[in-house]
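**Student:** Sequence plus predicted model, see below.
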Amino acid sequence: MYHVDVRYDATRHALRDVSLVLDRGEFAFLTGSSGAGKTTLLRLLFGALRPSAGQLIVSGRSITRMASRDLPPLRRQIGVIFQDFKLLQARSVFDNVAVTLEIAGVPRREVRRRVWNLLKRLGLGHKLDRRPLELSGGEQQRVAIARALVSDPPLLLADEPTGNLDPEMAIGIMDIIADAHARGTTVIVATHDPTLIERYPHRRLVLEHGRLVVDRPPGAYSSSIRQAAAPVA
Ligand SMILES: Nc1ncnc2c1ncn2[C@@H]1O[C@H](COP(=O)(O)OP(=O)(O)O)[C@@H](O)[C@H]1O
Ligand SMILES: [Mg+2]
């Protein structure tokens, strides 16, 4: 994205002159305090929002100029873990995860196998038939994670994916995201959790009042942080 501005209203910028390039296969943390613009940046990449100014290119296509009818094919390439989950309340846990594969025309047996394996890995194997509202916040979050990852998307956008989880579960989720990354998925994780950021040596993008103030390459660690993270890594 090049010199991107987002304004939700006439006076205030949610993003201001943000320029960055994320290469295929990269893993980046997007950090910054609440209201800094993290969710706005992810919504831009998903095509849920158009920039007020600047250029935005995703998978070689300009989102700025794209017709609305071209957005659904782009979105099928993107797994999104929304901050507020956006689960289908009338459908079961299984259906919520299966839906992306069904839309993609994956055969039924294969859908069952993949959904079942992933939900089991996320500790939800015994809740396949439940409705989202019957689950805790952390369980709903894991369903949202499964839905985003089950189709092995080329791009994963995760908005505070560990926000409602205890530390042990948060590590489990990061392991699953790391597996997707290892299989080639480009990953952006928005988080304001410092322990998460310090634990992994990924590129780090920091937003402050809508401006990109730090773009730290992967592996740029101070030794004290490395030592602090070592026992749990
Ligand atoms: N739909 C919206 N309408 C108006 N303002 C919004 C909307 N969404 C976000 N904002 C504002 O844009 C700024 C950035 O918000 P957001 O991207 O949600 O930040 P973060 O995810 O880092 O907490 C905040 O000042 C927020 O109040
Ligand atoms: Mg947010």
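**Tutor:** Noted; the coordinates are in hand. Ligands and ions are numbered 1, 2, ... in the order given.

**Student:** start to end distance for stretch 123-133?
**Tutor:** Taking C-alpha to C-alpha, to the nearest Å as the measure, stretch 123-133 stretches 17 Å from start to finish.

**Student:** Give me the distance from that stretch to the chain's centre.
**Tutor:** 22 Å (C-alpha atoms, centre = their mean, to the nearest Å).

**Student:** cool, and stretch 158-178?
**Tutor:** With C-alpha atoms, centre = their mean, you get 11 Å for stretch 158-178.

**Student:** And for stretch 69-76?
**Tutor:** 17 Å.

**Student:** go on, stretch 200-216?
**Tutor:** That offset, for stretch 200-216, works out to 16 Å (C-alpha atoms, centre = their mean).

**Student:** buried stuff in it?
**Tutor:** Neighbour-count burial for stretch 200-216, counted by 16 or more other C-beta atoms under 10 Å, picks out 200-207, 210, 212. Every C-beta, even on glycine, is put in place using the N, C-alpha and C of the backbone.

**Student:** Mean pLDDT per helix and strand in the protein: which one sits at the bottom?
**Tutor:** Using mean pLDDT, DSSP states H and E, helix 223-229 stands out as the lowest-scoring helix or strand of the chain, at a mean of 44.

**Student:** Would you state the strands of this protein in chain order?
**Tutor:** 2-7, 13-18, 27-31, 53-55, 57-58, 61-62, 78-81, 155-159, 186-190, 203-208, 211-216 (DSSP state E).

**Student:** What's opposite the closest residue to Ile197 other than its chain neighbours in the beta bridge?
**Tutor:** Spatial nearest neighbour of Ile197, chain neighbours left out: Phe29 (5.2 Å); criterion: C-beta to C-beta, 6 or more residues apart in numbering. Counting by DSSP bridges, Phe29 is bridged to Val189, Arg204.

**Student:** dump the residue contacts of Phe29.
**Tutor:** 188-191, 196-197, 200, 202-205 (C-beta atoms under 8 Å, 6 or more residues apart in numbering).
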